[in-house]
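1. Build the 3D model from these lines:
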Amino acid sequence: EDQLKQICKEYFDRMYLCESQKYDMEFEVRKRDFEINELNIAVNDLRGKFIKPTLKKVSKYENKFAKLQKKAAEFNFRNQLKTVKKKEFTMEDDEAGKEAES
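-> Below you'll find the model as predicted:
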């Protein structure tokens, strides 16, 4: 029975040692992965090899011009002018031509 307890204790100690080494190695792996990632970022920053997306050129005044044209169409002065039917503003040539036709 004492021998069995001794064997169990040895197995427990061995498992404990293996688990602690496993934990330490996993921690080191995570730490090194993080360091590798940080170094890759630093290298890319130094080289300038990060990909910049090509941007489409857009005029920031395009919408303003469209709005101004729309307002200009609304305030078209020729359409808003009153038609004058008085003869005092007609040209003399037009009056002479109309009299000749009649």
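2. Might you list the low-confidence residue ranges for the protein?
-> 49-53, 58-62, 73-102 (pLDDT under 70).
3. Show me where it has its strands.
-> Counting by DSSP state E, one finds no strands in the chain.
4. burial of Ala66, as a residue count?
-> Residues lying near Ala66 (other CB atoms under 10 Å) number 10. Backbone N, C-alpha and C define where each C-beta goes, glycine included.
5. same check, this time on Gln69
-> Neighbourhood size, Gln69 [other CB under 10 Å]: 10.
6. what's the neighbour count on Ala42?
-> For Ala42, the count of nearby residues is 10 (other CB under 10 Å).
7. cool, and Asp13?
-> Neighbourhood size, Asp13 [other CB under 10 Å]: 10.
8. Next: the one 5 residues further on.
-> Cys18 sits with 10 neighbouring residues when counted by other CB under 10 Å.
9. One more: Tyr11?
-> For Tyr11, the tally of surrounding residues (other CB under 10 Å) stands at 10.
10. Buried residues of stretch 15-22, list them for me.
-> Residues of stretch 15-22 include none that count as buried (16 or more other CB atoms under 10 Å).
11. tell me, how many neighbours does Ile41 end up with?
-> Count around Ile41 with other CB under 10 Å applied: 11.
12. Could you do Leu4 as well?
-> Leu4 - counted by other CB under 10 Å - has 8 other residues nearby.
13. Check the gap between it and Glu26 for me.
-> Distance of Leu4 to Glu26, given as CB to CB, to the nearest Å: 32 Å.
14. Equivalent analysis for Ile36, please.
-> 16 Å.
15. try Ala42
-> For Ala42, the distance to Glu26 equals 25 Å [CB to CB].
16. ok, Val43 - how many residues close by?
-> Residues lying near Val43 (other CB under 10 Å) number 10.
17. Apologies, that question was intended for Asn44.
-> 12.
18. just Leu55 next, same as before
-> By the measure other CB under 10 Å, the count of residues near Leu55 is 6.
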